[in-house]
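S.K.: sequence and computational prediction follow.
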Amino acid sequence: MKGKRSKARWLLLPAAAAIAVAMVGCGSSGKPAASAGHALKVALITPSATNDLAFSQAMYSAVESLKTKYNLQISVQDNMYVVADAANAIQQYAAEGYNLIIANGSQYGSTVQQLAPKYPKVSFAWGTAGSTFNMKNVYAYQAAANEGGYVQGYMAALMSKSKVIGVIGPIDVGDAQLYTDGFKAGVMAADKSATVHLSFTGSFSDVSLMASAAHSYVSEGADVLTGSSQSVVGAIGVAKSSNVAWFGTQWDQSTLAPSDVVSSQVYNWVPVLDHILTGIKAGKLGGATYMINLRNGGEKIVFNASYPLPASIKARGMAVLSKIESGALIPPQ
């Protein structure tokens with residue numbers, strides 16, 4: 001296939017408790033999957049472009065940043081929004097003997113579940129979801145997107161003048177579901193009188209559906225919008241043309257609307273991939289699930305310096321964030 005360029009504690013979830021000692025061990029063959037000094041062949045399959053300023057770019061950036069450290073030979077297949085096409089790509093990489101195949105999308109879970117038993121010497125990683133399907137060659141990763149969503153929703157309620165806020169998701173699964181639910185909960189925690197319009201377009205990639213939902217909410221008086229997935233470019237365009245505030249997630253989206261993006265919850269998958277790649281080099285092909293969150297630094301709130309967010313609102317938002325980091329506040333999920 002054609003190649004394409006592209007700190008804290010990390011929470012090991014209960015599904016992997018039995019192997020929580022360290023990311024070491026033996027693969028299904030009883031031998032290390034890759035010897036030190038040899039290149040690791042890594043394939044990344046992702047549903048949108050690697051410069052989508054959202055879900056795909058976050059993972060692509062992480063993989064690329066580790067290229068030299070682990071001597072990675074990287075191949076990327078992006079825009080694999082058709083699951084059947086993605087499945088074909090995943091199977092081909094597996095047949096070619098890649099060390100790690102990252103199926104970066106919750107819609108790819110059934111494919112991983114079907115293919116992993118057929119290729120026991122290949123490591124598969126997928127997310128955002130928590131299940132390894134009890135397979136020794138499957139890693140899973142999740143994002144506690146409800147945490148950053150809660151913080152940003154809290155600030156959104158404080159800054160909204162109309163007290164009408166629009167939240168748009170793609171499909172009600174994975175980190176998209178967590179983010180939208182967390183954002184709504186944050187709004188209501190700050191102002192119970194606010195009205196939150198929440199809907200899902202049914203598509204991760206349909207920009208026009210996302211834009212249509214944003215137009216609808218603006219017409220109903222929303223002066224703050226947010227959303228998740230690569231299709232948010234449609235909604236951000238509406239926010240920009242309507243002079244409506246936008247809160248982003250998965251990647252820093254301020255470049256799309258410098259005057260309208262307030263802040264973004266940004267994902268950092270590097271430490272998770274560090275664990276996975278270290279494990280593979282030691283011969284451990286899978287069996288662990290990881291979570292990024294605000295506490296372990298896998299998620300961060302990045303503020304847009306160009307947006308005139310009142311200091312008092314930012315301070316209150318950061319106070320909420322500190323409570324989440326300390327464990328004093330647990331956003332609903």
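M.R.: Thanks, I have it. These numbers come from a predicted model, not from an experiment.

S.K.: burial count for the closest residue to residue 189 other than its chain neighbours?
M.R.: The shortest distance from residue 189 to any residue other than its chain neighbours is 6.0 Å, reached at residue 154 (C-beta to C-beta, 6 or more residues apart in numbering). Bear in mind the C-beta positions are built from the backbone N, C-alpha and C, glycine included. Summarising burial for residue 154: neighbours were counted as other C-beta atoms under 10 Å, giving 25.

S.K.: residue 154 falls within a helix, correct?
M.R.: Yes. With DSSP: H, G, I helix; E, B strand; the rest coil as the criterion, residue 154 is assigned to a helix.

S.K.: which ones are touching it?
M.R.: 186-187, 189-190, 316-317, 320 (C-beta atoms under 8 Å, 6 or more residues apart in numbering).

S.K.: change it to 6 Å
M.R.: Contacts of residue 154 were listed using C-beta atoms under 6 Å, 6 or more residues apart in numbering, and they are 186, 189-190, 317, 320.

S.K.: ok, of the residues you listed, which one's closest to residue 170?
M.R.: Of all the contacts of residue 154, residue 170 sits closest to residue 186, with 19.7 Å by C-beta to C-beta.

S.K.: wait, that closest one touches residue 153, no?
M.R.: Yes. Under the criterion of C-beta atoms under 6 Å, residue 186 makes contact with residue 153 at 2.7 Å.

S.K.: what touches both of these two?
M.R.: By C-beta under 6 Å, 6+ apart, residue 186 and residue 153 have no common neighbours.

S.K.: of these two, which one has the most company?
M.R.: Neighbours per residue, other C-beta under 10 Å: of residue 186 and residue 153, the larger number sits with residue 153, 33 against 28.

S.K.: my read: the more buried one touches residue 183, true?
M.R.: Yes. Using C-beta under 6 Å, residue 153 is in contact with residue 183, at 3.8 Å.

S.K.: domains of this protein?
M.R.: Annotated domains of the chain cover 11-144+268-292, 146-264+300-326 [automatic domain parsing].

S.K.: confidence-wise, which of the ones you listed is weakest overall?
M.R.: If you rank those by mean pLDDT, domain 11-144+268-292 sits at the bottom with a mean of 87.

S.K.: return the set of buried residues in the helix or strand containing residue 75.
M.R.: For residue 75, the host element (DSSP states H and E) is strand 72-77. Going by neighbour count (16 or more other C-beta atoms under 10 Å), the buried part of strand 72-77 is 72, 74-77.

S.K.: one more: stretch 79-99?
M.R.: Counting neighbours by 16+ other C-beta under 10 Å, one finds that the buried residues in stretch 79-99 are 79-81, 86-87, 89-91, 93-94, 98-99.

S.K.: can you check stretch 161-172 too?
M.R.: The neighbour-count criterion (16+ other C-beta under 10 Å) identifies 163-171 as the buried residues of stretch 161-172.

S.K.: same question, stretch 213-227
M.R.: 213-215, 217-218, 222-227.

S.K.: who's in contact with stretch 162-173?
M.R.: By C-beta under 6 Å, 6+ apart, the list of residues contacting stretch 162-173 from outside reads 106, 156, 176, 180, 183-184, 187, 194-198, 200-201, 203-204, 210, 213, 217, 221-229, 235.

S.K.: what do you get for stretch 121-140?
M.R.: Here stretch 121-140 makes contact (C-beta under 6 Å, 6+ apart) with 15, 28-29, 94, 100-103, 106, 108-109, 112-113, 116, 120, 141-143, 174-175, 276, 280, 285-289.

S.K.: got a quick PyMOL command for the buried subset of these?
M.R.: This is the PyMOL syntax for the buried subset of the contacts of stretch 121-140, where burial follows 16+ other C-beta under 10 Å:
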select buried, resi 15+28+94+100+101+102+103+106+108+109+112+113+116+141+142+143+174+175+276+280+285+286+287+288+289
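
S.K.: so of the contacts of stretch 121-140, which ones are in helices?
M.R.: Secondary-structure check on these using DSSP state H: residues within helices are 94, 109, 112-113, 174-175, 276, 280.
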